[in-house]
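Engineer: Everything below, folded, please.
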Amino acid sequence: MTKTIGLAVALAMTLATGVVAQGTNALRLTLGPSSKIWIEGTSTVRKFSCSTGDFEATARPVPEPTAPLATAVHTVDVDVPVKSLSCGNGTMEEHLRKALKADANPEIRFELKSYTVGEKTAAGTDVKATGVMTIAGTPKTVEVTGVVTPTATGLRVQGETPLRMTDFGVKPPRLMFGTLKVGDAITVHYDLVLER
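Structural biologist: Got it, this is the predicted structure:
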């Protein structure tokens, strides 16, 4: 679940920041094969990590062609199939899909509502994005941050965001009669490369 959250948010930030950093042509950037999103969490037994690279994103520019670059993106929608999440453990993935109510809610969706671009530094350009994340059928406004840097072929965005599963009405999985409990807190990490 968290994996998907991170992916959606990171991509939205990347697209928005790409427009600011490179102009409206940045909307033509595509996600490169080296991009990765992963979530890390804990349980009473061990730490875990899940990831996916399977998602769809749509970015729409503002109607006015003369809009300043800092506001050139009107919205970004990102959809991630829940069944694409991979944790390297079939049992864990099965419980994750059940917790996320994947049958009734097969996708996690992020809709970008606003963003701000910070100052450029040696590390890159700081970006803060706000949007509505819908997980397991529950929408919630979330805020994420990241750092964007230019590459030879486009842009790269990196960051991490802490979240809680219960904020989205998701009950952390419990296994083996409750002796294995997944922690509520997770951290979403993202390293996305956008290419022309």
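
Engineer: how close does the residue nearest to K101 when sequence neighbours are not counted sit to V170?
Structural biologist: Residue nearest to K101 in three dimensions, not counting chain neighbours: A136, with 4.6 Å by C-beta to C-beta, 6 or more residues apart in numbering. For the C-beta atoms, the positions are set from N, CA and C on the backbone; glycine is no exception. As judged by C-beta to C-beta, to the nearest Å, A136 and V170 stand 5 Å apart.

Engineer: cool, and R196?
Structural biologist: According to C-beta to C-beta, R196 and V170 sit 37 Å apart.

Engineer: Comparing these two, which shows the higher neighbour count?
Structural biologist: V170 (19 against 14; other C-beta atoms under 10 Å).

Engineer: Just say helix, strand or coil for that one.
Structural biologist: For V170, the assignment made with DSSP: H, G, I helix; E, B strand; the rest coil gives coil.

Engineer: repeat for T161
Structural biologist: T161 is classified as strand under three-state DSSP.

Engineer: Next one: S86, what pLDDT does it get?
Structural biologist: The per-residue pLDDT reported for S86 equals 91.

Engineer: Would you mind listing the residues in contact with it?
Structural biologist: Listed by C-beta atoms under 8 Å, 6 or more residues apart in numbering, the contact set of S86 reads C50, S51, T52, E93.

Engineer: so where's this structure uncertain?
Structural biologist: 1-29, 55, 57-75, 177-178 (pLDDT under 70).

Engineer: still on that earlier bit, what about the contacts of S86, which are in helices?
Structural biologist: E93 (DSSP state H).

Engineer: Among the contacts of S86, which one lies nearest to R109?
Structural biologist: T52 (14.2 Å; C-beta to C-beta).

Engineer: That closest one contacts V80, doesn't it?
Structural biologist: Yes: shown here, T52 and V80 form a contact pair, counting by C-beta atoms under 8 Å, at 6.5 Å.

Engineer: mind listing what M92 touches?
Structural biologist: F48, C50, P173.

Engineer: What number of neighbouring residues does the first one come out with?
Structural biologist: Applying other C-beta under 10 Å, we find 18 residues neighbouring F48.

Engineer: Can you tell me how far it is from N105?
Structural biologist: Taking C-beta to C-beta, one finds F48 at 22 Å from N105.

Engineer: same check, this time on the last one
Structural biologist: Using C-beta to C-beta, we find P173 at a distance of 16 Å from N105.

Engineer: Neighbour count: the two, which is higher?
Structural biologist: P173 (19 against 15).

Engineer: For R97, I want the exact helix or strand it lies within.
Structural biologist: Per DSSP states H and E: R97 is located in helix 90-99.

Engineer: and that helix, which residues are buried?
Structural biologist: Using 16 or more other C-beta atoms under 10 Å as the test for burial, helix 90-99 gives M92, E93, H95, L96, R97, A99.
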